[in-house]
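# Kindly return the folded structure for what I paste below:
(chains A, B, C and D)
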Number of protein chains: 2
Amino acid sequence: MAEGLRERKKRQTRQYISDVATGLFIERGFDAVTVAEIADAANVSVNTVYNYFPAKEDLFLDRSAGMVDRLARWVRGRAEGESAAQAVLRELRDEVRAVSPRVGLFAGYADFMRVIQEAPVLRSRLWALAQQVEANLEQVLREETGAAEDDELPSLMAGQVSWVYGTAIRVIGREMLKRREPGEVSREVLALLDDIEELLSERVLMYAVRG
Amino acid sequence: MAEGLRERKKRQTRQYISDVATGLFIERGFDAVTVAEIADAANVSVNTVYNYFPAKEDLFLDRSAGMVDRLARWVRGRAEGESAAQAVLRELRDEVRAVSPRVGLFAGYADFMRVIQEAPVLRSRLWALAQQVEANLEQVLREETGAAEDDELPSLMAGQVSWVYGTAIRVIGREMLKRREPGEVSREVLALLDDIEELLSERVLMYAVRG
DNA sequence: TGAAAACTTGGAGGCATTGCAATTTTTCAG
DNA sequence: CTGAAAAATTGCAATGCCTCCAAGTTTTCA
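Okay, here's the model as predicted:
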């Protein structure tokens, strides 16, 4: 614990800068806020901001970055006889139910989504994060199946599962931007997750046969 | 045809700038070439470059941008009893077979992929294009099925099909970077496309059941 | 308590991108 | 063929993100 004070202070500073930045972004939009303004508002120099965050986008997506191994964790810990996609949908349902009572989180999430919607840079960055999520998942599946190095199967599987995940997140986000009352949002979202699972099992998505 | 000469000249200039830029990017990498250098090499001013291309990435992805409606076209024109995913894979196979004899295209494609691999900005941009492709496809499916405005199904279907497309493109690209002999590349790629189709029909991807 | 390590800062500069006004080129009617 | 009008090109200035570097400052620890 020799490194206690310093480490604590660093974490606080980092968090504070990110919070200030996030507030400004939500208030005025991502592009309308300069890094210089953020540094000013956080009482640090521009260079200090860059010491903590490699790029402007990271100021906003700092927390999301911590979730890159979530999917891999979910799949690794799934139950016997449960498919990867099912596990992901189940965990999402649990999360929605757990967070549902707290209105604040929902409201914050809507703001978050709105800022991202309006800034292409942020969307790209979020996609890059999704890539990492997928890579982690691929690693898990590769270990689980013991597939060979040049076997493309784990990669394809990871792609599919992370598509399910991404789609769920997207429809949830869309739903949140629509409604206002948290209870209704929660109900709609859960229904959507059920829909997705049903669609997957019916293979409807994959085989939209004409005629 | 009053606007003939001017239009022709514009198209030529545009093409020339893009070609010069592409050459430089392939030679030295995307980040190692400045817009000023490109303008110089193309005998125009920096502003002229920006008159034709909104951003540096567009210099490289100019041709790819023309393919945003390809997927929608393929699906719209699929045969009776053929699924959307099947149609996409079939068209891709046809394309590989058609282009296979011409070594030049393959070689160029490998260079193209390499440049993109090394530049995150280009990957993001390519992803943005994929988003447009997906949106177009969703529109087609929406019209075809006559789904309601708030029905999420066409969106999900489009997502799935365009995932199949993207995955195929990705594995093809990976394969191309690996091998050198065009005949072998072609054979491998066709085998991969078959694999993908088989995996889809076996539902293996979606249901990686544990235990 | 005093160096070593870690953190912060200011300044200079590179590069992408935009806006504006001046200049050149192309079109087209008379 | 000629002279505006329209369109394209250009230079210049400025903004904003981001990097590098060379001082300071603060924190750690012997």
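# Name the residues that touch whichever helix or strand A:Arg6 is part of?
According to DSSP states H and E, A:Arg6 maps onto helix A:4-28. Contact with helix A:4-28 is made by A:33, A:37-38, A:41-42, A:44, A:48-49, A:52-53, A:59-60, A:62-63, A:111-112, A:114-115, as judged by CB atoms under 8 Å, 6 or more residues apart in numbering or on different chains. Glycine gets a C-beta too; all of them are placed from N, C-alpha and C.
# Could I get the contacting residues of A:Glu175?
A:Val185, A:Glu188, A:Val189, A:Leu192.
# Who wins on neighbours among the residues you listed?
Neighbour tally across the contacts of A:Glu175 (other CB atoms under 10 Å in any protein chain shown): the maximum, 25 neighbours, falls on A:Val189.
# pretty sure it is touching A:Val96, no?
Yes - taking contacts as CB atoms under 8 Å, A:Val189 lies within contact range of A:Val96: 5.3 Å.
# residues shared between the contacts of these two?
A:Ile172.
# Please name the nearest non-neighbouring residue to the residue of chain A found nearest chain B.
Proximity to chain B, evaluated over chain A using CB to the nearest CB, is greatest for A:Ser124 at 3.6 Å. Leaving aside its sequence neighbours, A:Ser124 sits nearest to B:Ser124 (CB to CB, 6 or more residues apart in numbering or on different chains; 3.6 Å).
# Mind giving me the packing neighbours of the helix or strand hosting that neighbour?
Assigning secondary structure by DSSP H and E places B:Ser124 in helix B:120-145. Packed against helix B:120-145 by the contact rule (3 or more CB pairs under 8 Å, 6 or more residues apart in numbering or on different chains; DSSP states H and E) you find helix A:120-145, helix B:56-60, helix B:70-76, helix B:103-118, helix B:153-178.
# looking at the ones you listed, which is closest to B:Ala87?
The closest of the helices and strands packed on helix B:120-145 to B:Ala87 is helix B:70-76. By CB to CB, the value is 5.6 Å.
# gap between A:Ala119 and B:Arg93?
According to CB to CB, to the nearest Å, A:Ala119 and B:Arg93 sit 39 Å apart.
# Give me the more crowded residue out of these two.
Per other CB under 10 Å, whichever of A:Ala119 and B:Arg93 has more neighbours is A:Ala119, with 20 against 16.
# Now the more buried one: phi and psi?
Per-residue torsions, A:Ala119: phi -120, psi 100 (degrees, to the nearest 10).
# before we move on, the earlier item: is any part of the helix holding B:Ser124 close to DNA strand D?
No - shown here: helix B:120-145 not in contact with DNA strand D (CB under 7 Å from any atom of the strand), separated by at least 10.6 Å.
# got the angle between that helix and helix B:103-118?
110 degrees (axes from the mean of the first three to the mean of the last three CA atoms, to 10 degrees).
# Tell me which residues of helix B:120-145 come out buried.
B:122-128, B:130, B:133-134, B:136-138, B:140-142 (16 or more other CB atoms under 10 Å in any protein chain shown).
# gap between the residue of chain A closest to chain B and A:Leu199?
Counting by CB to CB, the gap from A:Ser124 to A:Leu199 is 28 Å.
# Show me what counts as buried in the worst-scoring helix or strand of chain A on mean pLDDT.
Across the helices and strands of chain A, mean pLDDT, DSSP states H and E gives its lowest value to helix A:182-202, namely a mean of 78. The neighbour-count check on helix A:182-202 (16+ other CB under 10 Å) flags A:Pro182, A:Val185, A:Ser186, A:Glu188, A:Val189, A:Leu190, A:Leu192, A:Leu193, A:Ile196, A:Glu197, A:Leu199, A:Leu200 as buried.
# Chain A - how does it break down into domains?
A:4-60, A:63-202 (automatic domain parsing).
# Pull the number of nearby residues for the nearest residue to A:Val33 once chain neighbours are set aside.
Closest residue to A:Val33 in three dimensions, ignoring its sequence neighbours and counting by CB to CB, 6+ apart: A:Leu24, at 4.6 Å. Residues lying near A:Leu24 (other CB under 10 Å) number 20.
# Nearest residue to the residue nearest to the spatial centre of chain A in space, ignoring adjacent ones along the chain?
Geometric centre of chain A, nearest residue: A:Ser64, 5.2 Å, by CA atoms, centre = their mean. Counting by CB to CB, 6+ apart, A:Leu129 is the residue found nearest to A:Ser64 once chain neighbours are left out, at 6.0 Å.
# again, but for A:Trp74
Closest to A:Trp74 by CB to CB, 6+ apart is A:Glu91, at 4.7 Å.
# A:Ala72 now?
Here the residue nearest A:Ala72, using CB to CB, 6+ apart, is A:Asn136, at 4.1 Å.
# In terms of helix, strand or coil, where does A:Gly81 fall?
Following DSSP: H, G, I helix; E, B strand; the rest coil, the label given to A:Gly81 is coil.
# and it, how many residues sit next to it?
9.
# Could you give the backbone dihedrals for it?
phi 80, psi 0.
# Ok, the one 3 residues further on next?
As for A:Ala84, its main-chain torsions (degrees, to the nearest 10) stand at phi -60, psi -50.
# ok so, going back, please convert the buried residues of helix A:182-202 to TSV, extending it with distance to DNA strand D.
Formatted as TSV, the buried residues of helix A:182-202 follow (distance: CB to the nearest atom of the strand, whole Å):
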residue	distance to DNA strand D
A:Pro182	34
A:Val185	33
A:Ser186	36
A:Glu188	36
A:Val189	33
A:Leu190	38
A:Leu192	34
A:Leu193	35
A:Ile196	35
A:Glu197	39
A:Leu199	38
A:Leu200	38
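# any idea which of those is closest to A:Val161?
A:Leu200 (10.6 Å).
# Identify the residue spatially nearest to A:Glu37, adjacent ones excluded.
Using CB to CB, 6+ apart, the closest residue to A:Glu37 is A:Leu24 (6.8 Å).
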